[in-house]
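1. Attaching a predicted model along with its sequence, questions to come.
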Amino acid sequence: MVNPEVIVTTPRRLERILITNDDGIDAPGLAVLEQVARELADEVWVVAPALDQSGISHALSLHHPLRVVRKTERRFSVSGTPADCVAMALRQLMPSPPDLLLSGINRGANLGVETVFSGTVGAAMAGLLMGIPSLALSQAYSRRDAVRWDTARALAPDVIRQLWAMGWGSSACLNINFPDVAAEVATPMQITTQGMGRMSGLNMSQRTDEREQDYYWLTIDRHSQPDIDGSESAVVWSGGISVTPLRFERNEPDTAQRLREQLTSAKG
């Protein structure tokens, strides 16, 4: 019997691509992704947040209206989250669904635990929820003023073509990270696990503005410990391209089994 979760649903020919991001409609990574998409399909739609929505994850705007600004025939900004943009594109703006959704290219890697908070990944998960094969793409960097957009620009077309030709199950989207090295020295893509990444926690600092009013700034704490072999962090920080299948399922079976045993013991 065929498992429906592993049925390959992706067609072999790309005709229409939808792209979005979480860094906003004017982000340089979105411009790079648009160039990539135009190499792969004749019809490219851009529906992206009007403002930066980094860290918004899968959030939906359920309590306020969404405003859409049409930039060109197939380019729109939306006053909402990346997931809002996907829903708006598929349910209001596009006359036909895309063959593929591309989210990114994010400024900075989305690795390990941080994928839970990523709006780039959130958009891809929204595409997955709505039945569209979806990829999240990110470019790692170590210096904010030196993001290697040329690496993602050079490598992304062939990576996407290769993954599209292989197809993937309808129960997952793919999280792709490009390393912080020149494209010609990057090692071939590997199928990876999520791992833990380098996020170790959240921090909150208190500050005072010019009116002597307190405000607070949220920051992410990171560590430099190596991740497990085969994880996306281990591959990316060693100069490789990581591709991690992600799904909505987050059950932790070992904990569930332990709790069942304890519950049974308490009743007995």
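-> Looks like it came in fine. Residues are numbered from 1 along each chain as shown.
2. Could you list the buried residues of the helix or strand that contains residue 150?
-> Secondary structure assigned from DSSP states H and E places residue 150 in helix 149-166. Buried residues in helix 149-166, counted by 16 or more other CB atoms under 10 Å: 149, 151, 152, 153, 154, 155, 156, 157, 159, 160, 163, 164. Where C-beta positions appear, they are placed from N, C-alpha and C, glycine not excepted.
3. I'd like the distance between the third one and residue 209.
-> In this case it means residue 152. Separation of residue 152 from residue 209 (CB to CB, to the nearest Å) stands at 37 Å.
4. Then the fifth one?
-> Here the distance between residue 154 and residue 209 works out to 44 Å (CB to CB).
5. do residue 224 as well
-> Relative to residue 209, and taking CB to CB, residue 224 is found at 33 Å.
6. Same question for residue 42.
-> Remark: distance between residue 42 and residue 209 (CB to CB) = 50 Å.
7. try residue 176
-> The gap separating residue 176 from residue 209 is 40 Å, by CB to CB.
8. Looking at those two now, which is surrounded by more residues?
-> Legend: neighbour count by other CB atoms under 10 Å for residue 176 and residue 209, higher for residue 176 (29 against 8).
9. Off-centre distance for stretch 253-263?
-> Stretch 253-263 sits 32 Å away from the centroid of its parent chain (CA atoms, centre = their mean, to the nearest Å).
10. Any stretches of the stretch 51-200 of the chain with poor pLDDT?
-> The stretch 51-200 of the chain contains residues with pLDDT under 70 at 144-145, 195-200.
11. ok, 80 please
-> 52, 58-59, 113, 143-145, 169, 194-200 (pLDDT under 80).
12. Show me which positions of stretch 249-260 end up buried.
-> Within stretch 249-260, no residue is scored as buried using 16+ other CB under 10 Å.
13. mean confidence score for that stretch?
-> Computed over stretch 249-260, the mean pLDDT rounds to 85.
14. Off-centre distance for that stretch?
-> With CA atoms, centre = their mean, you get 26 Å for stretch 249-260.
15. now swap in stretch 178-193 and tell me
-> Its chain's C-alpha centre and that of stretch 178-193 lie 17 Å apart, by CA atoms, centre = their mean.
16. One more: stretch 230-244?
-> A distance of 15 Å separates the C-alpha centroid of stretch 230-244 from that of its chain, computed with CA atoms, centre = their mean.
17. Straight-line length of it, end to end?
-> When the termini of stretch 230-244 are compared using CA to CA, to the nearest Å, they are 10 Å apart.
18. what comes up buried for it?
-> For stretch 230-244, a neighbour-count test (16+ other CB under 10 Å) marks 231, 232, 233, 234, 235, 236, 237, 240, 241, 242, 243, 244 as buried.
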